[in-house]
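> From the sequence below, what's the structure:
(one chain, ligands or ions: 1)
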Amino acid sequence: MDKVTCIVVGAGPAGSACAYTLAKKGIEVVLLERGRRPGEKNVAGFVLFTSVLEHLIPDFRKRAPLERNVTRFDTVDINCGSVKTFHDYNYNFIDDPISFTAFRSKFDNWFAREAVKAGAELITGMTVTDLIIENDRVVGVKIDDDELYADVVVGADGIHSTVAEKSGLIKKRDPKKGYLVVKEILDLPPDVINKRFQLREGEGCCVEGEFIDDVNCVYTLYTNKDSVSMAIDCIVDDLKEKHVKAHELLEKIKSHPYMHSLLEGATLREYQAHMETIGEPIRPECLYGNGVLLCGEAGTMIDIWGTGVPPAMLSGMMAAEAIEMAIRKNDYSAKTLKNYINYLDSTSLWRTMYDAEKQMACKMIAADIMEKSMRHYYSYIEREPYPFWKNMYLQFGKDFTPIFIRWIVTGWLHVSSLYSTLYNRITKRFVGRYHDWKND
Ligand SMILES: Cc1cc2nc3c(=O)[nH]c(=O)nc-3n(C[C@H](O)[C@H](O)[C@H](O)COP(=O)(O)OP(=O)(O)OC[C@H]3O[C@@H](n4cnc5c(N)ncnc54)[C@H](O)[C@@H]3O)c2cc1C
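Sure thing, here's the model as predicted:
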């Protein structure tokens, strides 16, 4: 019977981070990956926020296969007759980057090889089909007819996690309720990208927005060295209900004049599709069991923006810490592995997830206010929001009114407008928008 200390299922960001951390601690770990090489089956936009990776591999920038340093985040609204753009160009990111565009096929392979260099054993082309469970404890995995035993099994096998399902920690997800992402990689010469997206050498840009149509979706457009990645996320149920095909929706967005001006002449290199778990709550009690832990998207760790790689890496690292403690205690029961949650609590993972929700609300509020104020400012034929007598007074009355009455009336107008401004602000801030959004 083959037995190792730890089996990690899946060489995505969560699995490789876990294997890397365990190997660095000198713990025996086997990383099993179904693809012929890590990254072969993996899809993402892909913007890599690097704070977690930097912690793991401080000099990653010199060695990792990265495309462009993202210095600009654009929000674009193409839903009205006019296009509204919000450019967030952060000059600090030029010398002190926080994110890079990359390709998962290259990045995941590199990251898994780093785990191997640290001492992990990587076996590719191996699909885990089931778990071996004895006395209510996970003691190994089945790979078709083969079996491999371990003290702990880490499920880092992504959205359709076999480990999560077979261990009973998370029920099989209903694919109809998930998000479907379709993505194209489109070739464009680097100088054309720089010119159209107003970028300097090595700099990258992320364009994001919502497209409101029969089926609403979020689109992303990221610049790589000599290509751009264009993707849309839509709810599978919506597509089915409205009989809309995701690739047709993508074509529709690409043909919008604004998008067309960015993409004109681009040629298709690759087409990809994948599911995402966005919006599912993380339930910490479902992340550990007897002899088993779940990391990354297997444990639904992805924020509302669909940023899942840093949470995946972070959870992989924390799982490794919990495993080290279990080894010290020689106890692999849920009681000891529960420390995984304490380790996660000690990071800013939950706060980051919450901040992402708040940030999404703010962006929506900002877009909403911009839209409304522009409409109001230019709506010459709309009725003025002032009451009739106030209008009359402002138009004609004030020049004929004795000065002391003018003071009283003007004072009263100021107080009443101050009151309504305050009232609007308070209700908008605490009751209206935020509440609406929370219920969406
Ligand atoms: C189109 C798209 C765009 C995205 N863009 C971004 C982005 O820009 N930035 C970001 O941070 N996140 C992004 N995400 C989310 C991110 O890709 C995921 O959250 C992240 O990859 C989760 O990492 P993971 O290691 O948990 O799972 P995965 O990356 O899914 O890795 C799981 C691994 O397990 C392997 N595996 C699965 N089942 C088995 C099995 N039974 N046996 C053996 N191996 C198995 C898979 O082959 C894979 O290598 C995007 C997702 C999509 C779909």
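
> The nearest residue to Ala298 once chain neighbours are set aside: neighbouring residues, count only.
Sequence neighbours aside, Ser161 is the residue nearest to Ala298 in space, at 3.6 Å (criterion: C-beta to C-beta, 6 or more residues apart in numbering). All C-beta atoms are positioned from the backbone trio N, CA, C, and that covers glycine. By the criterion of other C-beta atoms under 10 Å, Ser161 has 27 neighbours.

> Would you agree Ser161 is in contact with Leu293?
No: between Ser161 and Leu293 no contact is recorded; they are 11.6 Å apart, counting by C-beta atoms under 8 Å.

> Could you name every residue contacting both of the two?
With contacts taken as C-beta atoms under 8 Å, 6 or more residues apart in numbering, Ser161 and Leu293 have Gly155 as neighbours in common.

> wait, what's in contact with the residue of the stretch 51-200 of the chain found nearest the ligand?
Taking C-beta to the nearest ligand atom, the ligand has its nearest neighbour within the stretch 51-200 of the chain at Gly158, 2.7 Å off. For Gly158, the contacting residues are 10, 12, 42, 296-298, by C-beta under 8 Å, 6+ apart.

> Which parts of the stretch 251-400 of the chain are strands?
Ranges of strands within the stretch 251-400 of the chain are 267-276, 288-289, 292-294, based on DSSP state E, counting those that start in this stretch.

> now the stretch 51-200 of the chain
So, for the stretch 51-200 of the chain - with DSSP E, counting those that start in this stretch - the strands run 66-77, 84-89, 99-102, 121-123, 130-134, 137-143, 146-155, 179-187.

> Save the strands of the stretch 251-400 of the chain as CSV, and put in mean neighbour count too.
Putting the strands of the stretch 251-400 of the chain into CSV (neighbours: other C-beta atoms under 10 Å) gives the following:
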stretch, mean neighbour count
strand 267-276, 14
strand 288-289, 24
strand 292-294, 30
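
> among the ones you listed, which is nearest the ligand?
Nearest of those to the ligand, taken as C-beta to the nearest ligand atom: strand 267-276 at 3.7 Å.

> Distance from the closest one to the middle of the chain?
Relative to its chain's centre, strand 267-276 lies at 17 Å (C-alpha atoms, centre = their mean, to the nearest Å).

> Tell me which strands that strand pairs with, and in which orientation.
Strand 267-276 has its sheet partners listed here by DSSP bridges as strand 179-187 (antiparallel).

> Can you tell me what sits against the strand it pairs with?
With C-beta under 8 Å, 6+ apart as the contact definition, strand 179-187 has outside contacts at 43, 45, 103, 224, 226-236, 239, 246-247, 250, 263, 266-279, 306.

> Let me know whether it sits next to the ligand.
Yes: applying C-beta under 6 Å from any ligand atom, one finds strand 179-187 touching the ligand at 181, 183.

> Can you pull up the residues of the stretch 301-440 of the chain that come close to the ligand?
So the stretch 301-440 of the chain meets the ligand at 302, 306-310, 312 (C-beta under 6 Å from any ligand atom).
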